[in-house]
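Visitor: No letters, just coordinates:
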């Protein structure tokens, strides 16, 4: 755990919130969140039937949440991760609405929009969770 002098406030590009984390934690969060978001974008192009991308994207986000908990030294059980992933339920609903309307857009543009939505929402979920884990980690070390 870094000493107090090693922390600095870091303003994310997603969501516009601030976190008091070390450069190492920031780097590790980037290495977890960005690949998960890119993979979610790949899954977001799938449209075999409505909701066909929900399971792979949810699994990616669950893995991302578990990995982010480790960055902040938190012990996250599967049950707690699933409860945290409830935030992603709104994401799945939003993606499905976008997919339903973009399915009819020709020339693959609908898939591009759907993939972009999956990437953006996964990034937002990742940084929101990281922010909450940073707060929880700070409270745990202060107690």
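Guide: Done, it's in. Here the structure is a predicted model, which means the values were calculated and not measured.

Visitor: switch to C-alpha atoms for all contacts and neighbour counts from now on
Guide: Will do.

Visitor: What separation do you get for residue 24 and residue 71?
Guide: 9 Å (CA to CA, to the nearest Å).

Visitor: no no, residue 135
Guide: From residue 135 over to residue 71 (counting by CA to CA), the distance is 13 Å.

Visitor: more neighbours, those two?
Guide: Set side by side, residue 135 and residue 71 give different neighbour counts by other CA atoms under 10 Å, the larger being at residue 71 (20 against 15).

Visitor: Skipping its backbone neighbours, what lies nearest the more buried one in space?
Guide: Here the nearest residue to residue 71 in space, its sequence neighbours aside, is residue 25; by CA to CA, 6 or more residues apart in numbering that works out to 6.3 Å.

Visitor: Same check on residue 137?
Guide: Once its chain neighbours are removed from consideration, residue 137 has its nearest residue in residue 72; the separation is 6.0 Å (CA to CA, 6+ apart).

Visitor: Out of the helices and strands in the protein, which is least certain?
Guide: Counting by mean pLDDT, DSSP states H and E, the chain has its least confident helix or strand at strand 7-11, which shows a mean of 62.

Visitor: What pairs with the very next helix or strand once past that one, parallel or antiparallel?
Guide: Proceeding C-terminally, strand 7-11 gives way to strand 18-22 as the next helix or strand, assigned by DSSP states H and E. The sheet places strand 18-22 alongside strand 7-11 (antiparallel), with pairing taken from DSSP bridges.

Visitor: Does the residue nearest to residue 137 touch residue 24 like I think?
Guide: No. With contact defined as CA atoms under 8 Å, residue 72 does not reach residue 24; the gap is 10.6 Å.

Visitor: Those two: which is more packed in?
Guide: Neighbours were tallied for residue 72 and for residue 24 using other CA under 10 Å; the higher tally belongs to residue 72 (20 against 13).
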